[in-house]
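*Asks:* Pasting the sequence and the predicted model now:
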Amino acid sequence: MTALREWWLGDAVVLWTDALLFLLLGVVGAFALYARRHEHLRAPWRQVARSPLGMASAVVLAAYLMIALLDSLHFHPRLGDAAAPAKYSPAIASLFDAFAAPLRRQTEQTYSAPFARRSFIRETIELADGSQRREYPPLEYGGAHLAESEPRMPDIARTASRALIEAAALWLVLASLVMAGRSWQARVPFLTALRRMSAKQSEVPWRLILATGFVVCALVLLGARLGVKYHVFGTDKVGQDVFYLALKSMRTGLLIGTLTTLVMLPFALALGVMAGYFRGIVDDMIQYLYTTLNSIPGVLLIAASVLMLQVYMANHAEEFRSVEERSDLRLLFLCIILGVMSWTGLCRLLRGEALKLREADYVQAARAIGTSHAAILTRHILPNVMHIVMIAVVLDFSALVLAEAVLSYISIGVDPSMQSWGNMINSARLELAREPVVWWSLAAAFLFMFALVLAANLFGDAVRDAFDPRVRRSR
């Protein structure tokens, strides 16, 4: 409640990426409402809902999306009491920052290992008699609630047990709400809906969905409870909590995958369908365009574009009031460049499909009775290529998330001040050369990125199987 109150009293800020993310969600919601009224669009999604791995991965993706949405509600925090005249901080925070305030504020001096109580680096400490000694100083926050002689493992076990109990209670509430919705939808009593679910009488794998939901709830509560008392993934060079940085990087990874799709999809869809349907000089011009773009080395184009943007921001510093706005513009520019570079593959696929569809009997009949080209494209061509669009969009998402990590690793990705898994990996390459090795930053970025990409790939496989006509015919 404190976090919600802090966000409500703050001065709202809408960054470019925030607006585009919520616009994309609005488009997806409008498409979902449209698809519910058309059986040919509902049928493939029902098949996706029957896929156990697809629905389990959808739960994981929903958890990532929830954190990204909380991190996309930005505001200037209010200074002073609510009764005083409104004064706001120049810094920009998000609703997720308000919820994760303990993780954000509990910074140490330098490195510390996961669940450690002492620093990872020796420091010179002056004793009471004036002599000096080098030792590992105790952390300011990690395990500070324990006495010097009290062991940490029993406290970690008690905290984890309490978090699991809370996760079970939260899961029971959520599962009850899901079952209540199912019973209301099927017009059956609650116990009957529960019995059908337990007996596998439903086509939707509710048991696996609820089991995955319990795992997600358990991980969230474990991170929340243990993260307040300890640094779950340790701290970095400047003492920031690595667990907090990995959570903040979720928004960057999702934005790279979704906003790039928003940029490249109109180009690929319009140009690919036009090239295949009209053929002739239109086809030649579009082929020349994407062939030329494919001939440009992608890394060099991104590096040149980012350098141009940096020069512009340096010469017009007065247009950017905060570091967050500068980094947000660079992220948006990176999404645009990746979108411009990645539409060519989907355009080729749509061109080939449109070449086949234009010779279909129903398209030839529509042309014979004088139907306009615009009507043929919107009513006959576009609906029959949407399965290719859905498959390509979902499968390209994971590739774009990995592309951000690679680009940030070579310092031409997102701004260094923005939290991302690529920046974490980029800083970890120097930490791996230390003795002893600082490994937890790389491990945290790897685990969170691996979970997102794996869930996206599994969900993409389910979407491909549901939308690909050849797979449906074989089944």
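*Replies:* Nice, thanks for sending it over.

*Asks:* What does the pLDDT read for Ser327?
*Replies:* According to the predicted model, the pLDDT of Ser327 comes to 85.

*Asks:* In the helix or strand containing it, which residues are buried?
*Replies:* For Ser327, the enclosing helix or strand under DSSP states H and E is helix 323-357. For helix 323-357, burial by neighbour count (16 or more other CB atoms under 10 Å) applies to 324-351, 353-354, 357. Every C-beta, even on glycine, is put in place using the N, C-alpha and C of the backbone.

*Asks:* again, but for stretch 40-59
*Replies:* Within stretch 40-59, the residues that count as buried by 16+ other CB under 10 Å are Pro44, Trp45, Gln47, Val48, Ala49, Ser51, Gly54, Met55, Ala56, Ser57, Ala58, Val59.

*Asks:* Mind exporting the C-alpha coordinates of that stretch to CSV?
*Replies:* Backbone C-alpha positions of stretch 40-59 (Å, rounded to 0.1, in the frame of the first residue of the first chain) are rendered in CSV as follows:
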residue,chain,number,x,y,z
HIS,A,40,-11.6,-19.2,-37.6
LEU,A,41,-9.4,-17.0,-35.3
ARG,A,42,-10.6,-18.6,-32.0
ALA,A,43,-9.9,-22.2,-33.1
PRO,A,44,-6.0,-21.9,-33.3
TRP,A,45,-5.9,-20.2,-29.9
ARG,A,46,-8.0,-22.9,-28.4
GLN,A,47,-5.4,-25.4,-29.6
VAL,A,48,-2.7,-23.3,-28.0
ALA,A,49,-4.7,-23.4,-24.8
ARG,A,50,-4.6,-27.2,-25.0
SER,A,51,-0.8,-27.3,-25.1
PRO,A,52,0.6,-28.1,-21.6
LEU,A,53,4.0,-26.7,-22.3
GLY,A,54,2.5,-23.7,-24.1
MET,A,55,0.3,-22.7,-21.2
ALA,A,56,3.0,-23.3,-18.6
SER,A,57,5.3,-21.0,-20.5
ALA,A,58,2.5,-18.5,-20.9
VAL,A,59,2.3,-18.3,-17.1
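
*Asks:* contacts for that stretch?
*Replies:* 34-36, 203-205, 208-209, 211-213, 216, 383, 387, 454-456, 458-459, 461-463, 465-467, 472 (CB atoms under 8 Å, 6 or more residues apart in numbering).

*Asks:* Average pLDDT for it, rounded please.
*Replies:* 86.

*Asks:* And for stretch 395-403?
*Replies:* Across stretch 395-403, pLDDT averages out at 81.

*Asks:* what helix or strand does Leu442 sit in?
*Replies:* For Leu442, the host element (DSSP H and E) is helix 440-467.

*Asks:* Show me what that helix is packed against.
*Replies:* In this structure, helix 440-467 packs against helix 39-49, helix 52-70, helix 242-278, helix 382-409, helix 421-431, helix 469-474, with contacts taken as 3 or more CB pairs under 8 Å, 6 or more residues apart in numbering; DSSP states H and E.

*Asks:* Just tell me which of these ends up closest to Thr235.
*Replies:* Taking CB to CB, helix 242-278 is the member of the helices and strands packed on helix 440-467 nearest to Thr235, at 6.2 Å.

*Asks:* Pull out the buried residues from that closest one.
*Replies:* Along helix 242-278, these residues count as buried under the neighbour rule (16+ other CB under 10 Å): 242-265, 267-277.

*Asks:* cool, stretch 368-383 as well?
*Replies:* Ile376, Leu377, His380, Ile381, Leu382.

*Asks:* contacting residues around the fourth one?
*Replies:* What that stands for is Ile381. Counted by CB under 8 Å, 6+ apart, Ile381 has contacts Val273, Tyr277, Ala354, Leu357, Arg358, Val363.

*Asks:* about what we covered before: mind putting the buried residues of stretch 40-59 in JSON lines, distance to Ala403 included?
*Replies:* As requested, the buried residues of stretch 40-59 are arranged in JSON lines below (distance: CB to CB, whole Å):
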{"residue": "Pro44", "distance to Ala403": "28"}
{"residue": "Trp45", "distance to Ala403": "28"}
{"residue": "Gln47", "distance to Ala403": "30"}
{"residue": "Val48", "distance to Ala403": "25"}
{"residue": "Ala49", "distance to Ala403": "30"}
{"residue": "Ser51", "distance to Ala403": "27"}
{"residue": "Gly54", "distance to Ala403": "24"}
{"residue": "Met55", "distance to Ala403": "27"}
{"residue": "Ala56", "distance to Ala403": "25"}
{"residue": "Ser57", "distance to Ala403": "20"}
{"residue": "Ala58", "distance to Ala403": "23"}
{"residue": "Val59", "distance to Ala403": "25"}
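
*Asks:* So, low pLDDT: which residues of the protein?
*Replies:* For the chain, applying pLDDT under 70 flags the ranges 1, 7-8, 80-85, 186, 190, 193, 198-202, 468-475.

*Asks:* Spell out which residues make up each domain of it.
*Replies:* 117-147, 153-229, 249-474 (automatic domain parsing).

*Asks:* Tell me the buried residues within the contacts of stretch 40-59.
*Replies:* By 16+ other CB under 10 Å, the contacts of stretch 40-59 give 205, 209, 212-213, 216, 387, 455-456, 458-459, 461-463, 465-467 as buried.

*Asks:* quick check, nearest of the buried residues of stretch 368-383 to Met153?
*Replies:* Proximity of the buried residues of stretch 368-383 to Met153 was ranked by CB to CB; the top entry is Leu382 with 60.2 Å.

*Asks:* Distance from stretch 3-20 to the middle of the chain?
*Replies:* Averaged C-alpha coordinates place stretch 3-20 at 18 Å from its chain's average position (CA atoms, centre = their mean, to the nearest Å).

*Asks:* what comes into contact with it?
*Replies:* The set of residues external to stretch 3-20 that reach it, using CB under 8 Å, 6+ apart, is 72-78, 82, 86, 88, 92-93, 95, 98-99, 101, 255, 259, 262, 324-325, 328-329, 331-332, 335.

*Asks:* How about stretch 267-276?
*Replies:* Applying CB under 8 Å, 6+ apart, the set of residues contacting stretch 267-276 from outside is 282-283, 286-287, 289-290, 339-340, 343-344, 346-358, 377, 381-382, 385, 389.

*Asks:* And stretch 363-378, by the same measure?
*Replies:* Taking contacts as CB under 8 Å, 6+ apart, the residues outside stretch 363-378 that touch it are Val273, Met274, Tyr277, Phe278, Leu357, Arg379, His380, Ile381.

*Asks:* close enough to count as contact, the third one and Ala354?
*Replies:* Yes - using CB atoms under 8 Å, Tyr277 makes contact with Ala354 at a distance of 5.0 Å.

*Asks:* residue ranges for the strands of the stretch 101-250 of the chain, please.
*Replies:* 123-126, 132-135 (DSSP state E, counting those that start in this stretch).

*Asks:* Could you dump these into a markdown table and include distance to Arg182 and mean neighbour count?
*Replies:* Output for those, formatted as a markdown table (distance: least, CB to CB, whole Å; neighbours: other CB atoms under 10 Å):
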| stretch | distance to Arg182 | mean neighbour count |
| --- | --- | --- |
| strand 123-126 | 58 | 10 |
| strand 132-135 | 59 | 10 |
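
*Asks:* Please identify which of the ones you listed is closest to Val228.
*Replies:* Among the strands of the stretch 101-250 of the chain, strand 123-126 comes nearest to Val228, with 25.1 Å by CB to CB.

*Asks:* who touches the closest one?
*Replies:* Residues external to strand 123-126 that are found in contact with it (CB under 8 Å, 6+ apart): Gln109, Gln132, Arg133, Arg134, Glu135, Tyr136, Pro137.
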